[in-house]
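Trainee: no sequence for this one, just the structure:
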């Protein structure tokens, strides 16, 4: 489940939080430019996995850690929750390629995506 708001997609809890805040401020609208609107299926089929527009501030952010092969320093990344949208064939190919990349974090992030 996701919400569309100001041309971005938000994880269910984040979208509801924005809507609640705006509602309490007196905002009422059926326009996604001014009020989050529910959209099914993670925003629909796309050529890449969709993530919450709240980014690192997402209420259910994904936390990934990676150790630098050069410095040995560990870096922590927080990204918006995956919205579990359907992928086009091009999207599945993109994920399969990203998972095979030994340098990136996608191999830990998307192994559960169908066909990857």
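Mentor: On my side now, so go ahead. From a predicted model like this one, the values you see are computed outputs, not experimental measurements.
Trainee: List the buried residues in stretch 6-18.
Mentor: 8, 9, 10, 11, 12, 13, 14, 15, 16, 17, 18 (16 or more other Cβ atoms under 10 Å). Yep, even glycine has a C-beta here, placed from its N, CA and C like the rest.
Trainee: so where's this structure uncertain?
Mentor: Residue ranges of the chain with pLDDT under 70: 102-103, 111-116.
Trainee: so what's the most centrally placed residue in it closest to, chain neighbours aside?
Mentor: Note on the chain: the residue nearest the mean C-alpha position is residue 51, at 0.9 Å, using Cα atoms, centre = their mean. Spatial nearest neighbour of residue 51, chain neighbours left out: residue 80 (4.0 Å); criterion: Cβ to Cβ, 6 or more residues apart in numbering.
Trainee: likewise residue 49?
Mentor: Using Cβ to Cβ, 6+ apart, the closest residue to residue 49 is residue 82 (5.6 Å).
Trainee: Wait, that neighbour touches residue 46, no?
Mentor: No: using Cβ atoms under 8 Å, residue 82 is not in contact with residue 46; the gap is 11.7 Å.
Trainee: Can you show me the strands along this protein?
Mentor: 2-5, 8-11, 37-39, 62-67, 74-79 (DSSP state E).
Trainee: ok, residues contacting the fourth one?
Mentor: Residues lying outside strand 62-67 but in contact with it, judged by Cβ atoms under 8 Å, 6 or more residues apart in numbering, are 51, 73-82, 105, 108-109.
Trainee: Considering those, which possesses the most neighbours?
Mentor: Tallying neighbours with other Cβ atoms under 10 Å puts residue 80 at the head of the contacts of strand 62-67, with 23 neighbours.
Trainee: and that residue, how far is that from residue 27?
Mentor: 23 Å (Cβ to Cβ, to the nearest Å).
Trainee: same thing with residue 71?
Mentor: Taking Cβ to Cβ, one finds residue 71 at 47 Å from residue 27.
Trainee: ditto for residue 73
Mentor: Taking Cβ to Cβ, one finds residue 73 at 44 Å from residue 27.
Trainee: now residue 28, nearest residue through space, not along the chain?
Mentor: residue 35 (7.1 Å).
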